[in-house]
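Trainee: what shape does this take:
(chains A, B, C and D)
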Number of protein chains: 2
Amino acid sequence: MDAFEAIAEPNRRRILDLLMSGERPAGDLVGALSICQPGVSKHLRLLREAGLVRVRADGQRRLYSVEPRELGAIEAWLRPHLEFWRGRLDALEAHLDEEQ
Amino acid sequence: MDAFEAIAEPNRRRILDLLMSGERPAGDLVGALSICQPGVSKHLRLLREAGLVRVRADGQRRLYSVEPRELGAIEAWLRPHLEFWRGRLDALEAHLDEEQ
DNA sequence: CGGTTATATAGCCAAGTAGCAATTTAAGAG
DNA sequence: CTCTTAAATTGCTACTTGGCTATATAACCG
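Mentor: Residues are numbered from 1 along each chain as shown, chains lettered A, B, ... in the order given. Next up, the predicted model:
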């Protein structure tokens, strides 16, 4: 699973949001997500395979945290589109200003 | 299908890339994509339902173009993550500089 | 050791989807 | 009207996935 597919699922985006506040044990995420524990575990595995999170052991807990590198890959695709369209909208505004 | 799911599929990202050069008939996209015509048509329908492209008729052709609004929705989710991690990386660099 | 807690895995099901070939719809062209 | 071209829809299959329950693994506690 690549990063694009990984962030396509709302629960996985929510996990990444929760991990913005720092490293968290899997159990915290289960409490926050209204899906069952194995479901969260499966999402965490997919996020790990997509390179979006990393995990380290702490006793019997697993502490997850964001691995930002692959988010950059998404931005790398998205940015040219945003820049292109920002340019078009700016041009449109300029055009409308001229007409006034 | 929302915008996140829509861009999870490589052929659909490629379609959006191709449409950056401007409005194009569906047939152009079929030629560029190495999947069959009905497949492209289906992807275009999903992109339309996700609000990522619009279409207008030109005789028997259908001209597709990007609708940038929903790309902004993706950026709206992604940006806080990127900013957060850019900040962390900057802090790390500063820390390493100090140690020298 | 046995018991408890935290997490992962296995096994299953229902739903969605990406692909194709075949067909339909719609717009020109003659 | 007939033929052709452009695109969409239908019908199908194989695969994936997100959810669940049940079970396994693994670490800590006594």
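
Trainee: for the longest helix seen in chain A, packing partners?
Mentor: Longest helix in chain A by number of residues (criterion: DSSP state H): helix A:69-99. Counting contacts by 3 or more C-beta pairs under 8 Å, 6 or more residues apart in numbering or on different chains; DSSP states H and E, helix A:69-99 packs against helix A:3-6, helix B:69-99. All C-beta atoms are positioned from the backbone trio N, CA, C, and that covers glycine.

Trainee: repeat that with 10 Å
Mentor: helix A:3-6, helix B:10-19, strand B:61-66, helix B:69-99 (3 or more C-beta pairs under 10 Å, 6 or more residues apart in numbering or on different chains; DSSP states H and E).

Trainee: how far off centre is the first one?
Mentor: Relative to the centre of its chain, helix A:3-6 is centred 8 Å away, using C-alpha atoms, centre = their mean, to the nearest Å.

Trainee: mean confidence for it?
Mentor: Helix A:3-6 shows a mean pLDDT of 98.

Trainee: buried set for it?
Mentor: If you call a residue buried by 16 or more other C-beta atoms under 10 Å in any protein chain shown, then helix A:3-6 has these buried ones: A:3-6.

Trainee: so it, near DNA strand C or not?
Mentor: No - Helix A:3-6 stays clear of DNA strand C (C-beta under 7 Å from any atom of the strand), getting no nearer than 9.1 Å.

Trainee: who touches that helix?
Mentor: A:12-13, A:15-16, A:43, A:46-53, A:69-74, A:77-78, B:4-10, B:12-13 (C-beta atoms under 10 Å, 6 or more residues apart in numbering or on different chains).

Trainee: filter the residues you listed down to the ones close to DNA strand D.
Mentor: Within the contacts of helix A:3-6, those near DNA strand D by C-beta under 7 Å from any atom of the strand are A:43, A:46.

Trainee: if any of the contacts of helix A:3-6 are buried, put those into a ChimeraX selection.
Mentor: Selecting only the buried entries of the contacts of helix A:3-6 in ChimeraX, with 16+ other C-beta under 10 Å as the criterion:
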select /A:12,13,15,16,43,46,47,48,50,51,52,53,70,71,74,78 /B:4,5,6,7,8,9,12,13
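
Trainee: relative to helix A:10-19, how tilted is the longest helix of chain A?
Mentor: When axes from the mean of the first three to the mean of the last three C-alpha atoms, to 10 degrees is applied, the directions of helix A:69-99 and helix A:10-19 differ by 100 degrees.

Trainee: give me the nearest residue to A:Leu46, chain neighbours excluded.
Mentor: A:Met1 (5.1 Å; C-beta to C-beta, 6 or more residues apart in numbering or on different chains).

Trainee: and that neighbour, what does it touch?
Mentor: A:8-9, A:12, A:45-52, B:8 are the contacts of A:Met1 under C-beta under 10 Å, 6+ apart.

Trainee: turn those residues into TSV, columns for secondary structure and distance to B:Tyr64.
Mentor: As requested, the contacts of A:Met1 are exported to TSV (DSSP: H, G, I helix; E, B strand; the rest coil; distance: C-beta to C-beta, whole Å):
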residue	secondary structure	distance to B:Tyr64
A:Ala8	coil	22
A:Glu9	coil	27
A:Arg12	helix	29
A:Arg45	helix	37
A:Leu46	helix	32
A:Leu47	helix	33
A:Arg48	helix	37
A:Glu49	helix	33
A:Ala50	coil	29
A:Gly51	coil	32
A:Leu52	coil	31
B:Ala8	coil	19
